[in-house]
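1. Sequence plus the predicted model coming up.
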Amino acid sequence: MAVTEADTVVRLGDSDAAAGLVLSTETHWNQTEADWRFFVRRGLTFGVREDGELVATAALLPHNATDAWISMVLVTQRCRRRGLATRLVDRCVAEADRLKLTTWLDATPAGATVYEPLGFSGVLELRRLRLTQRPPLAEAAALGAGKLSDMIAHDRGALGFDRTALLTELSARDGSRLLELNGAISLVRDGRVARHIGPLYAPDLSSALTLIDVIVASETGPVLLDAVAGSSGFVDALQQRGWAVERPFLRMRHGAGTTAPGELPFAVAGPEYG
């Protein structure tokens with residue numbers, strides 16, 4: 001091992017997207033190379049190399065002048081328990097402090113043990129669900145094309161900050177669909193191993209479930225979503241429809257919230273984006 005190289009945190013660029021995908025694939029995450037290119041181009045993405053190989057990463061994605069997301073915190077199996085994840089998250093937090101940004105992330109239970117000592121606190125519970133059994137469905141209602149401006153407005157109200165650049169990028173990708181039905185709206189996009197549903201906003205539980213049912217009827221491959229857990233009954237209702245919980249996430253924040261959030265989504269854009 002080249003000690004000086006392994007001890008150095010470096011800024012990543014376009015040429016590192018494929019190597020980043022190798023790390024997220026090793027961990028069985030759903031990100032694509034397009035996700036990695038977005039992070040290295042629009043965010044501050046950092047890594048550690050060992051003998052020229054990218055072995056650890058973390059990314060800071062500023063959304064506006066006040067808030068940013070930390071994600072893609074990955075360490076290859078053989079290099080874990082060396083403190084690399086902590087070092088990379090520290091670098092992201094330092095950059096956020098320099099830019100005066102409140103930082104957010106969605107943590108696995110193992111990740112939360114890394115982030116809590118760094119000053120992050122939990123604010124919202126999420127559940128990753130995958131459709132494991134497709135229910136028999138009656139004739140599906142026709143889905144309409146959703147308006148990006150409506151999605152952006154819902155998203156801004158929910159989070160308290162603007163993610164126009166992110167939602168514009170995701171909705172414009174090949175294979176993405178922005179769909180609306182009876183006041184509910186959701187983005188559906190490609191992932192590495194499954195299509196991802198979310199963000200999903202709806203006026204009530206029934207509208208959210210109806211939109212999910214119709215999306216499922218229009219998709220033929222694997223699908224997953226990251227649902228907000230809580231009193232809405234959304235997670236329980238999805239499980240009754242053939243969805244299975246794969247893992248929990250905890251949304252965490254470092255620093256004071258800049259704006260009070262409004263309506264919660266039924267499903268989020270994914271732990272890498274929030």
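-> Now that the structure is in, tell me what you want to look at. On a predicted model such as this, the values are computed, not experimentally measured, just so you know.
2. Ala18 versus Arg41, what's the distance?
-> Distance of Arg41 to Ala18, given as CB to CB, to the nearest Å: 14 Å. C-betas here are computed from N, CA, C, even on glycine.
3. And Val214, by the same measure?
-> Val214 is 36 Å from Ala18, by CB to CB.
4. Kindly report the same for Asp226.
-> From Asp226 to Ala18 the distance is 25 Å (CB to CB).
5. Go ahead and confirm Val89 touches Ala58.
-> Yes: counting by CB atoms under 8 Å, Val89 does reach Ala58; the two are 5.6 Å apart.
6. Compare those two (neighbour count), which wins?
-> Higher neighbour count among Val89 and Ala58: Ala58, with 29 against 23, using other CB atoms under 10 Å.
7. I'd guessed Val235 sits against Ala229; true?
-> Yes: taking CB under 8 Å as the definition, Val235 is a contact partner of Ala229 at 5.5 Å.
8. Name the residues contacting each of the two.
-> Here Val235 and Ala229 have Arg127 as joint contacts, going by CB atoms under 8 Å, 6 or more residues apart in numbering.
9. In contact with Gly255: list those residues for me.
-> Here Gly255 is in contact with 96, 101-103 (criterion: CB under 8 Å, 6+ apart).
10. can we see that at 10 Å?
-> 66-68, 93, 96-97, 100-104, 119-121 (CB atoms under 10 Å, 6 or more residues apart in numbering).
11. For Val89 and Ala58, list the residues in contact with both.
-> 46, 70, 73, 105.
12. thinking again about what came up before, Asp226 and Ala18: who's more crowded?
-> Asp226 (27 against 12).
13. per-residue confidence at the more buried one?
-> pLDDT, Asp226: 98.
14. Over to it: give its phi and psi.
-> Backbone torsions for Asp226, taken as degrees, to the nearest 10, come to phi -120, psi 100.
15. Which residues does it form beta bridges with?
-> When assigned by DSSP bridges, Asp226 has beta-bridge partners Arg128, Val268.
16. Same check on Leu54?
-> Under the criterion used (DSSP bridges), Leu54 bridges to Arg49.
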